[in-house]
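Asker: only geometry, no sequence info:
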């Protein structure tokens with residue numbers, strides 16, 4: 001089962017400055033687990049873009065030098081209660097699910113190689129929207145409309161965003 005299928009209600013809320021604080025809390029915890037095996041941890045997804053309405057779920061990319069260290073990362077994260085879910089159909093991105101409550105707000109955890117398509121797209125998309133307020137506002141409107149239309153269908157919500165995301169990536173990945 002994918003992470004997306006777990007979401008019962010699609011809820012897009014106004015930007016909350018606490019998301020940045022929460023990312024840093026989660027980041028510190030993860031660094032204590034695997035900091036020696038990774039290059040960095042990036043805050044990606046809509047919660048990483050100041051002012052952007054989003055589903056209140058933090059997306060984190062743990063960036064590794066290469067897949068050579070993935071087995072060690074999987075083993076280490078398992079020791080701390082994370083289940084490796086594979087790439088869930090997206091090359092260059094390995095998903096992990098927390099098995100028990102850890103006191104943080106909801107978050108999605110991915111491990112990506114520094115040259116992986118999933119990671120590079122996450123960063124390009126985030127940085128483009130951070131530097132283009134009009135595009136960020138347009139994305140907020142798309143997400144709110146889709147959340148209203150597909151409140152109980154996360155797959156339709158995600159599918160509805162695809163054209164917009166693809167158009168941004170075509171500009172951002174040049």
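Answerer: Structure received. Remember, it's a predicted structure, so these values are computed and weren't measured experimentally. Numbers count the residues shown, from 1 in each chain.
Asker: mind giving me the packing neighbours of the helix or strand containing residue 139?
Answerer: Following DSSP states H and E, one finds residue 139 within helix 133-149. If contacts are counted by 3 or more Cβ pairs under 8 Å, 6 or more residues apart in numbering; DSSP states H and E, helix 133-149 sits against helix 117-131, helix 154-172. No exception for glycine: its C-beta is placed from N, CA and C like everyone else's.
Asker: list the beta-bridge partners for the residue sitting nearest the centre point of the chain.
Answerer: The chain has residue 59 as the residue nearest its centroid, 2.8 Å off, counting by Cα atoms, centre = their mean. Residue 59 has these beta-bridge partners by DSSP bridges: residue 44, residue 108.
Asker: tell me the contacts of it?
Answerer: Contacts for residue 59 (Cβ atoms under 8 Å, 6 or more residues apart in numbering) come out as 43, 44, 45, 46, 47, 48, 107, 108, 110, 122.
Asker: distance check, the fifth one against residue 69.
Answerer: Pointing back at residue 47 there. 27 Å (Cβ to Cβ, to the nearest Å).
Asker: and for the second one?
Answerer: Using Cβ to Cβ, we find residue 44 at a distance of 20 Å from residue 69.
Asker: who's more crowded, the two?
Answerer: Counting neighbours by other Cβ atoms under 10 Å for residue 44 and for residue 69 shows that residue 44 has the greater number, 24 against 18.
Asker: residue 61 is in contact with the more buried one, correct?
Answerer: Yes - Residue 44 lies in contact with residue 61 (Cβ atoms under 8 Å); the separation is 5.3 Å.
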